[in-house]
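J.: predicted coordinates and the sequence they were generated for:
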Protein chains: 2
Amino acid sequence: MTDLFFDFLCPYAWRGVELAAALREQGEPFRLRFFSLVEGNHPDNAGNLTWKLTDQPTDAAGGEGYLKHQRPSYGAFLAAQAAYRQGEEKAWAFTLALYRAHFEQKKELDQPAFAQAAQEAALDLKQWEQDRQDEAGLRAALRREFDDAREIGVFGTPTFVLPGGEAAYYRFENLTRDPDQARQFWTLFTQVIHSDAGIGTIKRARNRPPHKK
Amino acid sequence: MTDLFFDFLCPYAWRGVELAAALREQGEPFRLRFFSLVEGNHPDNAGNLTWKLTDQPTDAAGGEGYLKHQRPSYGAFLAAQAAYRQGEEKAWAFTLALYRAHFEQKKELDQPAFAQAAQEAALDLKQWEQDRQDEAGLRAALRREFDDAREIGVFGTPTFVLPGGEAAYYRFENLTRDPDQARQFWTLFTQVIHSDAGIGTIKRARNRPPHKK
């Protein structure tokens, strides 16, 4: 089982979730896990963790920069937690539906988008609405996710945690739903993680040089 | 031709230089280039570049943190620039000798270490000492290196710039001088850079989880 930490805010995490969804259809098991970019990037958490998303009111607007995404991200996490109570297949269907609504259909992460994703994922809508009332339970489950992510040292999304425990951030530009290409993208990533080189980081420099050498 | 930006301070850059040296023996061309970590990490350069290493006196001690490496790094760069005037083979020999003195023999980057590396590299020592007197010329050449690195967006070492212009930081733990293993480490890196995924970053998370899943 490979864990996949994501935040609905992040378009790179979306590509990671689509990749995992394509690989699931080939029988490769992935589990959806939550990491909060707002909590991870919060200036109050630069040293020790002092600011927790799950301590905030759900309708708090947040602050500047990344923090302005607090309300949409938190709302999406809570809606997804309620959806996930209906099982793994519904979890994937809800997550993909909400991601596509946000990044393909350019919808805000708000209550109408959550309801549309619930419908597209064919959730038991009455049950979903009822589960959403259990805010304390949803928050507690979310907090456990964030605690696990911190333990692993997740700093961005998507982060994959392989069955052997190796964890790494994997950022790529090109979304694929093609089974063969998805397999290629994934194999290359796991080769890097398992290489005898002990690779810690491969990161592209900002610019290309002005001319070829 | 692949460019390899390095700083004598950096043990990961050393692994990169050893990797490139092993690949050169297989006919793969690499060029040694300089990037200053002290300049790159200098707090005065957080916005625009205002602090240049090549504007400093060579014996200035530097400051706190990374900046305390200013004098050894700058001295090593200038000694290497003078060595590089004796051609490509001498450049590699000097660079490897100084890196190994520093990281294998645990020597400081100081004048005795530079002289020992010059001897091990079989430089024309009289010529080298004479070239070292041309401080203005060595500084100007160094500054051109740092300007090129900034243009490319180099932020750490080692950074490789492939013949097609793609540039990326490549950090790995395990030094190799084995030709086959060097080839494997390098092939994997170039596959990542050339992948259709458009990979921007693969970066390991800080910790492993407490138990396997």
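T.: All right, it came through fine.
J.: surely A:F5 meets A:F146?
T.: No: with contact defined as Cβ atoms under 8 Å, A:F5 does not reach A:F146; the gap is 9.6 Å. Every C-beta, even on glycine, is put in place using the N, C-alpha and C of the backbone.
J.: have a look at these two and say which one is more surrounded.
T.: For A:F5 and A:F146, the more surrounded residue by other Cβ atoms under 10 Å in any protein chain shown is A:F5, and the numbers stand at 28 against 22.
J.: check contacts around A:A93.
T.: Taking Cβ atoms under 8 Å, 6 or more residues apart in numbering or on different chains, we find A:A93 in contact with A:E120, A:A121, A:A122.
J.: may I have the phi/psi pair for the second one?
T.: For A:A121, the backbone dihedrals are phi -80, psi 0 (criterion: degrees, to the nearest 10).
J.: and for the first one?
T.: Here is the backbone geometry of A:E120 (degrees, to the nearest 10): phi -60, psi -30.
J.: not counting its neighbours along the chain, what's nearest it?
T.: A:A97 (4.1 Å; Cβ to Cβ, 6 or more residues apart in numbering or on different chains).
J.: and A:F160, how far from B:G156?
T.: Plainly put, A:F160 is 23 Å away from B:G156 if you go by Cβ to Cβ, to the nearest Å.
J.: cool, A:A117 as well?
T.: Distance from A:A117 to B:G156, by Cβ to Cβ: 40 Å.
J.: common neighbours of A:F5 and A:F146, please.
T.: With Cβ under 8 Å, 6+ apart, A:F5 and A:F146 have common neighbours A:F34, A:F35.
J.: how far off centre is stretch A:115-132?
T.: Distance of stretch A:115-132 from its chain centroid, counting by Cα atoms, centre = their mean, to the nearest Å, is 20 Å.
J.: same check on stretch A:144-160?
T.: When distances are taken as Cα atoms, centre = their mean, stretch A:144-160 is centred 10 Å away from the chain's centroid.
J.: show me what that stretch is in contact with.
T.: A:2-7, A:10, A:12-13, A:15-17, A:33-37, A:39-40, A:49, A:52-54, A:161, A:167-171, A:189, B:203, B:205-210.
J.: and A:A117 and B:G156? which has more neighbours close in?
T.: Higher neighbour count among A:A117 and B:G156: A:A117, with 27 against 20, using other Cβ under 10 Å.
J.: wait, doesn't that one sit right on A:W92?
T.: No: using Cβ under 8 Å, A:A117 is not in contact with A:W92; the gap is 11.7 Å.
J.: for the helix ranked longest in chain A, buried residues please.
T.: If you go by DSSP state H, chain A has its longest helix at helix A:135-152. Buried residues in helix A:135-152, counted by 16 or more other Cβ atoms under 10 Å in any protein chain shown: A:L138, A:R139, A:A141, A:L142, A:R143, A:E145, A:F146, A:D148, A:A149, A:R150, A:I152.
J.: how about stretch A:184-192?
T.: Those would be A:Q184, A:F185, A:W186, A:L188, A:F189, A:T190, A:V192, for stretch A:184-192 by 16+ other Cβ under 10 Å.
J.: and if you look at stretch A:60-78?
T.: In stretch A:60-78, counting by 16+ other Cβ under 10 Å, buried: A:62, A:66-67, A:69-78.
J.: looking at those residues, which is nearest A:D178?
T.: Among these, A:A76 lies closest to A:D178 (Cβ to Cβ), at 27.0 Å.
J.: phi first, then psi, for the nearest residue to A:L162 once chain neighbours are set aside.
T.: Spatially, and ignoring its direct neighbours in sequence, A:L162 is nearest to A:T2 (5.6 Å; Cβ to Cβ, 6+ apart). With angles defined as degrees, to the nearest 10, A:T2 sits at phi -100, psi 130.
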